[in-house]
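Engineer: quick check, what structure comes out for this input:
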Amino acid sequence: MSTKWQLQSKRQKTGALKGKKKKHKKYERARAALHTSIEDKRRIKIKRVRGGNSKKILIATKQANVMINGKAEKAEIKNVVENSADKDFIRRNIITKGAIIETDKGKAVITSRPGQHGTVNAKLIKK
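Structural biologist: Numbering: from 1, shown residues only. Below is the predicted model:
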């Protein structure tokens, strides 16, 4: 597997090359994706990020915080109904921001980023 880089474009809007070349730096390297799946046991991985801060990466969960009429309630996730990030994520039950999930309270859309925030927050979809 090759390393992914999060770099600025080497070209300007016109297509001309920008400035002088430089080496890749460690802080420009991307992290491997750890997708959030639906499992009974909640699993979180804590990663050290730039500046000595930490980031909670949610790997597996069965619960979501669902907003219903302005109040947050815990709901059990049954499965992923729709995910515009990747159609394969529906079959694999992978949760990302914008995914529509089926809960015991009804259908809800994910508003948080589970791979960045460490929690699954959602908003109930009105019928």
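
Engineer: which residues of the protein fall in strands?
Structural biologist: Remark: strands assigned in the chain by DSSP state E are 36-38, 43-48, 54-61, 63-68, 71-82, 94-95, 100-103, 106-110, 121-124.

Engineer: how about the second one: buried residues?
Structural biologist: This means strand 43-48. By neighbour count on 16 or more other CB atoms under 10 Å, the buried set for strand 43-48 is empty. C-beta: built from backbone N, CA, C; applies to glycine.

Engineer: what bridges to residue 102?
Structural biologist: residue 79, residue 107 (DSSP bridges).

Engineer: wait, it touches residue 78, no?
Structural biologist: Yes. Residue 102 is in contact with residue 78 according to CB atoms under 8 Å; the separation is 4.4 Å.

Engineer: looking at the chain, which helix or strand is least sure?
Structural biologist: helix 114-117 (a mean of 91; mean pLDDT, DSSP states H and E).

Engineer: what does that one rub up against?
Structural biologist: Contact partners of helix 114-117, identified using CB atoms under 8 Å, 6 or more residues apart in numbering, comprise 33-36, 55-58, 61, 95-97, 120.

Engineer: and residue 48, what does it touch?
Structural biologist: Per CB under 8 Å, 6+ apart, neighbours of residue 48: residue 54.

Engineer: and what of residue 55?
Structural biologist: 46-47, 49, 116, 118.
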